[in-house]
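J.: okay, here's the prediction I keep looking at, along with the sequence it came from:
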Amino acid sequence: MNWFSAALLVSGEDLCPALVTELIGEPCEQQTKGVPLLKGDGSILRVPKFGRWSKAIRPEDTDEWDIGEVIKQLFAGLPETTHVWSKVASLETSRSRSAFR
């Protein structure tokens, strides 16, 4: 199914993605401000200007058609307590958002 993507993103200018990982688990992707992202050959792809932690479900990750079920898959294994999410929201200048395409 190639018609959607769903993602949970936490980002902030000085966000340390390792702190987010400690609170809610391993990301699909992460970046740290000022730490170069590398291409497969070891050369620099780019140097991020902000920190980011993200977990995503892409079309190749599921054959589910129901977006509600996809959201359940996205949040499976993430903490359910508001206490943890309050800590995530308080990390430096963090912003959280969910994206569905």
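T.: Yes, it's here.

J.: neighbours of residue 77, how many?
T.: 10 (other CB atoms under 10 Å). Yep, even glycine has a C-beta here, placed from its N, CA and C like the rest.

J.: quick check: closest non-adjacent residue to it.
T.: Distances taken as CB to CB, 6 or more residues apart in numbering put residue 25 closest to residue 77, at 6.2 Å, once the chain neighbours are dropped.

J.: residue furthest from the geometric center of the chain?
T.: residue 41 (24.6 Å; CA atoms, centre = their mean).

J.: isn't there a strand covering it?
T.: No - judged by DSSP: H, G, I helix; E, B strand; the rest coil, residue 41 forms no part of a strand; its state is coil.

J.: does the residue nearest to residue 77 really touch residue 76, like I thought?
T.: No - contact criterion CB atoms under 8 Å: residue 25 and residue 76 do not qualify, at 10.3 Å.

J.: between these two, which one's more packed in?
T.: Neighbours were counted for residue 25 and for residue 76 using other CB under 10 Å; residue 25 has more, 12 against 8.

J.: how far away is the more buried one from residue 15?
T.: 16 Å (CB to CB, to the nearest Å).

J.: re earlier: quick check, pLDDT for the residue farthest from the centre of the chain.
T.: For residue 41, the pLDDT comes out at 97.

J.: again with the one 5 residues further on
T.: We note a pLDDT of 97 for residue 46 in this prediction.

J.: if I pick the closest residue in space to it that isn't next to it in sequence, what's in contact with it?
T.: Once flanking residues are discounted, residue 46 sits nearest to residue 37: 5.6 Å by CB to CB, 6+ apart. For residue 37, the contacting residues are 31, 44, 45, 46, 47, 48, by CB atoms under 8 Å, 6 or more residues apart in numbering.
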